[in-house]
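J.: Sequence and predicted model, in that order:
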2 protein chains.
Amino acid sequence: MKKSIAIDMDGVIADVDQHFLNLYHSEYGVLFTKDDIAGKTEETLFPEAGAARKFAFTPGFFLTAPVMEGAVEAVKKLMETYEVYIVSAAMEFPLSLTEKHEWLRLNFPFISWRNIVFCGDKSIINTDYMIDDHLKNLDNFKGKTLMFHSFHNVNYNHHQRVNNWDEVIKLLVEEA
Amino acid sequence: MKKSIAIDMDGVIADVDQHFLNLYHSEYGVLFTKDDIAGKTEETLFPEAGAARKFAFTPGFFLTAPVMEGAVEAVKKLMETYEVYIVSAAMEFPLSLTEKHEWLRLNFPFISWRNIVFCGDKSIINTDYMIDDHLKNLDNFKGKTLMFHSFHNVNYNHHQRVNNWDEVIKLLVEEA
């Protein structure tokens, strides 16, 4: 039986960090870089408190998120040897449910509906691996974890960090 | 730590069997009873092949499903001693995502978004118990199963059958 991987959406296959930066640039005229926001939280991401949360609650936010560099090819590659599930915490933002489903259909049409999970708390997810950027998801996971690099996790190192999809493929395919 | 239960929606807390019968009555003028359809499949449920599937694909179907008798009080009761998750296979009918979310908000407002899971295949769900009417979900589950009575499962007996929510409470609360 294939080993299984739970792959997060936001910050992992969807580049929401860059999406936040682009939206901030459009609305406030200031272009921050990913280096500028390293070590911040979602709350302190921008000078204006609540700006990031406001973006996330705007209709269309999840539908228009850019795909993370290398994610499409990497997920296809992983599917050759693993059972891949997309596991996204979508319940906090109910508007995101159909947007996330549509985003997956548009950008990852090769992923079956059988392998998509939208949940709140991820603690009941049982796969061999989890690739996620959030500690709250990784810390309670019983299998092997890969922490996908994001501005909010740069100061934590108790999970194996992966900086990009090339590093995921190296770890889970080439060196596995 | 509380033991956990994954509770299905359709056929378990939502009475889709009765919903099908009501819709068939409205459209075809014939009122079948639950006894009439015992032992049938979704495909052979009505004389007109595909009628049930047509109903399920009609916008509003999931939003207007009646609540299963006794489900609200029983789920509240279970939540006193168990961590309860609502786990629904919603991905096959993408339109159902927001309808199911709204149905839960209206009928089970006491369930947190953290405890809601919409998925395709349920094989990656890891809870202590699963209450479901479908063999495809129960057969691959690693914990203890309760098969909620439905027309399509009357001829299968390799899971503990529960005929209604009173029987669930007897098994999981009163005799546990």
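T.: Structure received. Numbers count the residues shown, from 1 in each chain, chains lettered A, B, ... in the order given.

J.: and residue A:85, that one's in a helix?
T.: No. Going by DSSP: H, G, I helix; E, B strand; the rest coil, the assignment for residue A:85 is strand, not a helix.

J.: I figured it hits residue A:115, correct?
T.: Yes. Residue A:85 is in contact with residue A:115 according to Cβ atoms under 8 Å; the separation is 4.9 Å. The C-beta positions use only the backbone N, C-alpha and C, and glycine is treated the same way.

J.: ok so residue A:6 is a helix residue?
T.: No. Residue A:6 sits outside any helix when classified using three-state DSSP, being strand.

J.: Quick check, pLDDT for it.
T.: We have a pLDDT of 98 for residue A:6.

J.: same question, residue A:170
T.: Reported pLDDT for residue A:170: 97.

J.: Any figure for the gap between it and residue A:91?
T.: Using Cβ to Cβ, to the nearest Å, we find residue A:170 at a distance of 33 Å from residue A:91.

J.: With adjacent residues omitted, what lies nearest to the residue in chain A that chain B sits nearest to?
T.: Per Cβ to the nearest Cβ, residue A:126 is where chain A lies closest to chain B, at 3.2 Å. Nearest non-adjacent residue to residue A:126, counting by Cβ to Cβ, 6 or more residues apart in numbering or on different chains: residue B:126, 3.2 Å away.

J.: related to what we said a few turns ago, okay, residue A:170 and residue A:91: which has more neighbours?
T.: Ranked by neighbour count (other Cβ atoms under 10 Å in any protein chain shown), residue A:170 and residue A:91 place residue A:91 first, with 21 against 13.

J.: give me every residue that touches residue A:4.
T.: Neighbouring residues of residue A:4 by Cβ atoms under 8 Å, 6 or more residues apart in numbering or on different chains: A:82-85, A:127-129, B:124.

J.: do the same with residue A:101
T.: Per Cβ under 8 Å, 6+ apart, neighbours of residue A:101: A:116, A:118, B:91, B:94, B:97.

J.: if I pick residue A:10, what's in contact with it?
T.: Counted by Cβ under 8 Å, 6+ apart, residue A:10 has contacts A:16, A:62, A:65, A:88-89, A:133.
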